[in-house]
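Engineer: Structural data only, the sequence is not supplied:
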Ligand SMILES: [Fe+2]
Ligand SMILES: [Fe+2]
């Protein structure tokens, strides 16, 4: 079963037209998620390593269905729906609900249902909503955050108290502005929840365990932090 699941994930991944940066990002998130999962397992947490591998590798595949084509356009137009599209592709590829659920949940971030309705999030591909409380889902979402913060933003997720906020603020602010006409403040409940979720997993990964930068990485050097 385990080997099967990994092979299925590899097959789906390799068939998709992902750019160099997305391939590197996905492999780094996958490696990072496996490290977290192994460290959790050593501490007695029950976790399915194969589900973690498959969901982490495939977490961003929905981006292949994006309505925009360039990286710059993507930055300007937050499209969390790639998580739902990714879950659909995974299900079509024969992957189980547990994998689709973790793919879908990686962009639920800290949003609750009221906020997701306000932001007009599309209907989920699996389950009743985008969220998931599975350990595997939490690991994939946190690994995505860690790779983004450490490699794409070049911030220290452990020492810099504001790193998680800095890395997510502009995305959430832009998402709100585009979809509701008004932005958010730095203490928006969704941002607070998002920070807490990543902090919960952070003790299970060390800075030297985050995969090294890869060829084609997009490094975003000037994070737009929140204005007070
Ligand atoms: Fe994503
Ligand atoms: Fe990602």
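Structural biologist: Looks like it arrived, so ask away. Since this is a predicted model, take the numbers as computed values, not measurements. Ligands and ions are numbered 1, 2, ... in the order given.
Engineer: Every contact and neighbour count from this point should use C-alpha atoms.
Structural biologist: OK.
Engineer: Helices of the protein, start to end?
Structural biologist: 2-15, 20-42, 49-58, 71-76, 82-92, 97-105, 113-118, 135-147, 163-180, 189-201 (DSSP state H).
Engineer: Residue 156 is nearest to which of those?
Structural biologist: Residue 156 lies closest, by CA to CA, to one member of those: helix 163-180, at 6.5 Å.
Engineer: what mean pLDDT does that closest one have?
Structural biologist: If you average the pLDDT over helix 163-180, you get 94.
Engineer: what do you get for stretch 107-122?
Structural biologist: 92.
Engineer: Please point out which parts of that stretch sit buried.
Structural biologist: For stretch 107-122, the buried set under the neighbour-count rule, 16 or more other CA atoms under 10 Å, comprises 107, 108, 109, 110, 111, 112, 116, 119, 121.
Engineer: which residues touch the last one?
Structural biologist: I take that to be residue 121. By CA atoms under 8 Å, 6 or more residues apart in numbering, the contact set of residue 121 is 80, 81.
Engineer: Pull up the gap between it and residue 156, please.
Structural biologist: To residue 156, residue 121 is 31 Å away according to CA to CA, to the nearest Å.
Engineer: residues near residue 199, how many?
Structural biologist: 15 (other CA atoms under 10 Å).
Engineer: Residue 4 now?
Structural biologist: 11.
Engineer: Tally up the residues packed near the residue lying closest to residue 127 once chain neighbours are set aside, please.
Structural biologist: Take residue 127 and drop its neighbours on the chain: the residue closest to it by CA to CA, 6 or more residues apart in numbering is residue 101, 7.4 Å away. As a burial measure, residue 101 scores 30 neighbours (other CA under 10 Å).
Engineer: Equivalent analysis for the one 4 residues further on, please.
Structural biologist: Residues lying near residue 105 (other CA under 10 Å) number 28.
Engineer: For it, give me its contacts.
Structural biologist: Counted by CA under 8 Å, 6+ apart, residue 105 has contacts 83, 130, 131, 132, 137, 141.
Engineer: quick one: the third one from residue 31, how far?
Structural biologist: To residue 31, residue 131 is 23 Å away according to CA to CA.
Engineer: How about the fifth one?
Structural biologist: Taking CA to CA as the criterion, residue 137 is separated from residue 31 by 15 Å.
Engineer: Ok, the fourth one next?
Structural biologist: The spacing between residue 132 and residue 31, counted by CA to CA, is 21 Å.
Engineer: what residues are up against the closest residue to residue 52 other than its chain neighbours?
Structural biologist: Leaving aside its sequence neighbours, residue 52 sits nearest to residue 136 (CA to CA, 6+ apart; 5.4 Å). With contact set as CA under 8 Å, 6+ apart, residue 136 has these partners: 37, 47, 48, 51, 52, 102.
Engineer: For those, which entry has the maximal number of neighbours?
Structural biologist: Neighbour tally across these (other CA under 10 Å): the maximum, 33 neighbours, falls on residue 102.
Engineer: show me the contacts for the nearest residue to residue 98 once chain neighbours are set aside.
Structural biologist: With CA to CA, 6+ apart as the criterion, residue 98 has its nearest non-adjacent residue at 6.9 Å, and that residue is residue 51. By CA under 8 Å, 6+ apart, the residues touching residue 51 are 5, 98, 99, 136.
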